[in-house]
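Visitor: Got a predicted structure here, sequence first:
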Amino acid sequence: MTQDSYYRLVRKSDPFVVNEIMLKHFCALIVLLAMTLVGPSQGTSQTRQTRQRSIDLLVLGGTVVTMDIGRRVILDGGLAIHNGRILAVASREEIEQQYRGRRLNAAGKVVIPGLINGHTHVPMVLFRGLADDLDLQEWLTKYIFPAEAKNVTEEFVRVGTRLGLVEMIRGGTTTYCDMYYFEDAIADETAKAGARGVLGQTVIDFPVADNKTNAEAMASVERFVQKWKGHELIIPAIAPHAPYTVSADHLKAVRAFSDRTGAPIVTHISETKREVDDSLKEKGATPVKYLEELGFFNDRVIAAHMVWPTADELEILKRRRVGIVHNPQSNMKLASGVSPVPRMLNEGIMVGLGTDGAASNNDVNMWEEMDTVAKLHKAFSGDPKVISAQQAFEMATIGGAAALHLEKEIGSLEVGKRADVVIVQRDSLNQIPLSNIFSDLVYATKASDVETVIINGRVVMRNRRLLTLNEAVIKRSARALREKVIQSLQGPTARR
């Protein structure tokens, strides 16, 4: 029965009932009107809240420098982070409307991708200042190798790693690529600190601290890679020291190992003119051509330094998709030369930035490397337009990720990528006034301006307070070991 039919039937039988029914409908209409006029804000708020997705972390406000393909800069931006990854990058208002969860206020600050240190030897912070103002071969053979032989143990490596991690995290470095001994201990300390690392267990053709033979080293690498493979923070790698310290057969074995396990290869190539000259004399080919003839290169190789490549070698590196890590300050200090980075970038070769170890730098500060790479190449080329501030920042973020073959995971603030995020304050004296965001970041910002660091969605430093490392204890341990290093050496290596 329709409503009209019902009313007609009731009218005929009972006018009182009709009036009562009409009164009820009138009251219902009044209630509906009142809800429309009075209640929509509360109702809409409740609806919005129920529709918001609950997530782990919101970074709200500030200037978001995405480093995505369009190099978007969002002036009042926000990030939504959940399960270690970025769910959304948008305006602050959009993020607040769609998500709820723990909040980090970045208003008045800069939000950037975590910096990537593409090459270092992190425990060597304990050799900081041990031997300065020398060329590479003298520095290595007369000072560093003897110091390592007398001092490097697993405990030494752990203490040095913790000290290096404090320095890197305080400076906004969220990912680093390492090559050293006892790399399993480095991985353990890195994971505990909540940092990200591409960590290479060293293979070298003479006895070192952790392995005395190539067979021992390869067995160690096998255990190391199998243990850490698939970890959300640690990418285990194999690290043949250099083509002049690892034999041809052993280099071929490294390539076979990488093909079998998928492990990256971390190595030094063409660091000095002497290395190139010796290679030509002893092997009849430059280092890159020698490695190409051996079939060493694959698209997982990460080559540090590459200061002296020829034009033909650059073509090989591009074709093989080798990642290059430029270490401007270390190369300058050791007078190793100036890598042809502008040409590499123009030819589409993947180039990142690294500090090298603190024994030759003498820090692991990526802000200094960015500033240096731009100024060095301007001075060397005589062209002030070479390596712009934006290019320098790219080399420390998305370009560095590409050099490590990780551009799909890190290096920019994009949906689906790992949530490696740094919040930088903008009210220090060296940052006032602000004119251009990339100029400000590269030429003016200091490591001390880093305020908050998020790695894999986890806050590891907030408002300059470290949350995963005990800085005071680490300093005491490092100073104690430094004294042991000095006591173990005699003559000029003992200078303070």
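Guide: Structure received.
Visitor: And for Val213, the neighbour number?
Guide: Check again: residue 213 is Thr, not Val. For Thr213, the tally of surrounding residues (other CB atoms under 10 Å) stands at 11. (C-beta placed from N, C-alpha, C; glycine too.)
Visitor: for Met350, same thing?
Guide: For Met350, using other CB under 10 Å, the count is 23.
Visitor: so what pLDDT did the closest residue to it other than its chain neighbours get?
Guide: Distances taken as CB to CB, 6 or more residues apart in numbering place Ala402 nearest to Met350, at 4.2 Å, with adjacent residues excluded. For Ala402, the pLDDT comes out at 98.
Visitor: before we move on, what about Leu130?
Guide: 85.
Visitor: Secondary structure element holding Val89?
Guide: strand 85-91 (DSSP states H and E).
Visitor: hang on, the earlier thing: element containing the residue nearest to Met350?
Guide: In the assignment (DSSP H and E), Ala402 maps to helix 398-403.
Visitor: Tell me which residues are up against that helix.
Guide: Identification of contacts with helix 398-403 by CB atoms under 8 Å, 6 or more residues apart in numbering yields 67, 113, 115-118, 175, 302, 323-325, 350-353, 391, 407, 409-412.
Visitor: cutoff 7 Å now
Guide: For helix 398-403, the external contacting residues (CB atoms under 7 Å, 6 or more residues apart in numbering) are 67, 116, 118, 302, 323-325, 350-353, 407, 410-412.
Visitor: now swap in stretch 152-171 and tell me
Guide: The contact list for stretch 152-171 (CB under 7 Å, 6+ apart) reads 117, 122-126, 176, 180-182, 185-186, 189-190, 193, 195, 209, 363-367, 447, 450, 453, 460-461, 466, 469, 471, 474, 477-478, 481.
Visitor: what's the average pLDDT for the strand holding Val89?
Guide: On average, strand 85-91 scores 98.
Visitor: now stretch 312-330
Guide: The average of the pLDDT scores along stretch 312-330 is 97.
Visitor: now stretch 171-189
Guide: Regarding stretch 171-189, the rounded mean pLDDT is 98.
Visitor: quick one: terminal-to-terminal distance for that stretch?
Guide: Using CA to CA, to the nearest Å, the span of stretch 171-189 from its first residue to its last is 18 Å.
Visitor: quick one: Glu93 is in a helix?
Guide: Yes - applying DSSP: H, G, I helix; E, B strand; the rest coil, one finds Glu93 inside a helix.
Visitor: Neighbours of it, how many?
Guide: By other CB under 10 Å, neighbour count at Glu93 equals 12.
Visitor: That one and Gly108: what is the separation?
Guide: Distance from Glu93 to Gly108, counting by CB to CB, to the nearest Å: 17 Å.
Visitor: Kindly report the same for Lys283.
Guide: Plainly put, Lys283 is 57 Å away from Gly108 if you go by CB to CB.
Visitor: Neighbour count: these two, which is higher?
Guide: Counted by other CB under 10 Å, Lys283 and Gly108 do not tie: Lys283 has more neighbours, with 17 against 11.
Visitor: Can you give me every residue that contacts that one?
Guide: Tyr290.
Visitor: what about 10 Å?
Guide: Lys283 makes contact with Pro243, Tyr244, Ala248, Lys289, Tyr290, Leu291, Glu293, Leu294, according to CB atoms under 10 Å, 6 or more residues apart in numbering.
Visitor: how close does it get to Leu251?
Guide: 11 Å.
Visitor: What of Val203?
Guide: Relative to Leu251, Val203 is positioned 9 Å away (CB to CB).
Visitor: secondary structure element for Asp277?
Guide: Using DSSP H and E, Asp277 falls in helix 273-283.
Visitor: Quick one: distance of that helix to the chain centre.
Guide: 34 Å (CA atoms, centre = their mean, to the nearest Å).
Visitor: Tell me the buried residues in it?
Guide: Glu275, Val276, Ser279, Lys283 (16 or more other CB atoms under 10 Å).
Visitor: now it: mean pLDDT?
Guide: Helix 273-283 shows an average pLDDT of 97 in the prediction.
Visitor: Please pull out the lowest mean pLDDT helix or strand from the protein.
Guide: Within the chain, no helix or strand scores below helix 3-13, which has a mean of 38 by mean pLDDT, DSSP states H and E.
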